[in-house]
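Undergrad: Fold the following and give me the result.
(chains A and B)
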Amino acid sequence: MSENNYKVNLDNIFEGPMDLLIYLIKKNEVDIYDIPIALITNQYLSYLELMKSMNIDLAGDFIVMAATLTQIKSKMLLPAHEDNVSEEDPRTEIIEPLMQYLQMKSAAEHLAARDILGENTFVRSADKEDYSISDDEEIINVGLFELIDAFQKILKNISADVGMQFTVNRISVKDRITELVEIFEKQESITFNELFSSNAGKGDIILTFLAILEMVKVRLVRIVQHVQTGIIRLFYD
Amino acid sequence: MIEDTKNIIESLLFVSDTPLTVDHLKKLLPFAETKEIREVLLALSEEYETRKGGFFLREVAGGYQIRTRPEYTKWIKRLIRPNPFRVSKAALETLAIIAYKQPIIRSDIEQIRGVDCGGILRMLLERKLIRVLGRKEIPGRPLIYATTKQFLEIFDLKDLKDLPTPEEIEALGNST
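TA: Residues are numbered from 1 along each chain as shown, chains lettered A, B, ... in the order given. Model (predicted):
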């Protein structure tokens, strides 16, 4: 037997002893009900050697199968006693599990070929999170730090000479959320910067920021950032 | 009356996000007979077949559900990014064994596959494709596994009997 007989697809290596056995049976084009046990056992063992030489950790299952094969092989070598005609073919021990395994493999293929929900067929109420965004608009969900970063930039932009202002009709975070919801109801999404008018006072900006954080917390809005432009956009779900 | 019932059932099918069973429909429509509901479902299904539109009525997991025709998958995937149903070949084999041999314990699955299945079983449980039925009263009290309703829904199966029989599979296997 030449070495290149055992050139195998690496993908198949870890599938298990049954797969190796089926691979060998198919490769040798032999009848599963009449396996040339000596040939298959030798090839099986050489394959194991090959795996060992490639430093692949063999699962115990492979060794168990090797032992089974060797045992069957030795049983086959024993002369059949005439008074023992009814004794079954020692190969039955592996034929049955092999057949069952093949059957289940076909069953698995059959399952994979069905109209799989979410793959080949869909239902109407798809999750909102499923909505895909075209590749050129790739966006990521924003973390708190990106948000704080953006907020700091906005704070820097407000002119320093806007002195202290005392206003009587100060509104609460709750009121600001109501205002923001009104804006969102008109337009589905808005950029982070648009929410902060440049002439707003510091207190106002902080109030808006707190309102946004609160809305994210209760999942009223979803915040995403464009990968390329870095623009943060808020979506009202 | 039947026209009305048909429209009502169609609207319910349109809104529901899970397959609707005849029993459930019966509860929602106390005036309708079970027979009438079945007739309506059949009529709707035939209408969709004749129309050959973008969707059809599928009988899945014991109920009925409006689903898109597989032909339009490509376009739907442009609209939504579905949670891809990706399971390995090994996981699919394990799932097939459970589907056919349930109720089944881990050691029996492993005997068929010839390899350890612990990780795969955990994954299948997490994805709600299989569930634990209980424990077998033998030494070690191993867990008994079976498939879920979700399994039927995902694989477009009416019920477990909808799976091809081992003989049918063999015929399929021989043809390949």
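
Undergrad: Could you use CA atoms for every contact and neighbour count after this?
TA: Noted.

Undergrad: Spell out which parts of chain A neighbour chain B.
TA: Proximity of chain A to chain B (C-alpha under 8 Å from any C-alpha of the partner chain) is limited to residues A:15-18, A:61, A:97, A:100-101, A:103-108, A:110-112, A:114-126, A:130-132.

Undergrad: Can you name the residues in contact with the longest helix along chain A?
TA: Looking only at chain A and at elements set by DSSP state H, the helix with the highest residue count is helix A:92-112. By C-alpha atoms under 8 Å, 6 or more residues apart in numbering or on different chains, the list of residues contacting helix A:92-112 from outside reads A:18, A:22, A:32-33, B:89, B:92-93, B:95-97, B:112-113, B:155, B:166, B:169-170, B:172-173.

Undergrad: cool, stretch B:91-111 as well?
TA: Counting by C-alpha under 8 Å, 6+ apart, residues outside stretch B:91-111 touching it are A:104-105, A:107-108, A:111-112, B:113, B:116-118, B:120-121, B:124, B:129-130, B:133, B:136, B:142-147, B:160.

Undergrad: give the contact list for B:Glu10.
TA: Under the criterion of C-alpha under 8 Å, 6+ apart, the neighbours of B:Glu10 are B:Leu44.

Undergrad: Report the secondary structure state of it.
TA: helix (DSSP: H, G, I helix; E, B strand; the rest coil).

Undergrad: separation between it and chain A?
TA: Distance of B:Glu10 to chain A, given as C-alpha to the nearest C-alpha, to the nearest Å: 13 Å.

Undergrad: What segments of chain B are strands?
TA: Taking DSSP state E as the test, the strands found in chain B are B:55-60, B:63-68, B:104-105, B:130-135, B:143-147.

Undergrad: Please compute how far the longest helix of chain A lies from its chain's middle.
TA: On the basis of C-alpha atoms, centre = their mean, to the nearest Å, helix A:92-112 sits 27 Å off its chain's mean C-alpha point.

Undergrad: Could you do stretch B:54-71 as well?
TA: Counting by C-alpha atoms, centre = their mean, stretch B:54-71 comes out at 11 Å from the chain centroid.

Undergrad: before we move on, what about stretch A:216-231?
TA: 24 Å.

Undergrad: Let me see the mean pLDDT of it.
TA: Model confidence over stretch A:216-231, given as mean pLDDT, is 76.

Undergrad: Could you list the buried residues of that stretch?
TA: Taking 16 or more other C-alpha atoms under 10 Å in any protein chain shown as the basis for neighbour counts, the residues of stretch A:216-231 that come out buried are A:Leu220, A:Val221, A:Arg222, A:Ile223, A:Val224, A:Gln225, A:His226.

Undergrad: How about stretch B:97-111?
TA: Along stretch B:97-111, the positions that meet the burial threshold by neighbour count (16+ other C-alpha under 10 Å) are B:Ile97, B:Ile98, B:Ala99, B:Tyr100, B:Pro103, B:Ile104, B:Ile105, B:Arg106, B:Ser107, B:Ile109.

Undergrad: mind putting the residues you listed in CSV, pLDDT included?
TA: Conversion of these to CSV gives the following (pLDDT from 0 to 100):
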residue, pLDDT
B:Ile97, 95
B:Ile98, 96
B:Ala99, 95
B:Tyr100, 94
B:Pro103, 94
B:Ile104, 95
B:Ile105, 95
B:Arg106, 94
B:Ser107, 93
B:Ile109, 94
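
Undergrad: Between these, which sits nearest chain A?
TA: For chain A, the nearest member of those is B:Ile97. The distance, counting by C-alpha to the nearest C-alpha, is 6.0 Å.

Undergrad: if we can go back for a sec, show me just the buried residues among the residues of chain A next to chain B.
TA: Neighbour counting with 16+ other C-alpha under 10 Å marks A:16-18, A:97, A:101, A:103-108, A:110-112, A:115-123 as buried within the residues of chain A next to chain B.

Undergrad: What ranges in chain A fall below the confidence cut-off?
TA: Applying pLDDT under 70 to the predicted model, the residue ranges of chain A that meet it are A:1-15, A:54-59, A:80-87, A:125-145, A:158-170, A:198-199, A:227-228, A:237.

Undergrad: Quick check: the gap between the residue nearest in space to the middle of chain B and A:Leu117.
TA: Compute the mean C-alpha point of chain B, and by C-alpha atoms, centre = their mean the closest residue is B:Leu152, 1.6 Å away. Distance of B:Leu152 to A:Leu117, given as C-alpha to C-alpha, to the nearest Å: 10 Å.

Undergrad: Show me the domain layout of chain A.
TA: Taking automatic domain parsing as the reference, chain A has its domains at A:3-112, A:128-236.
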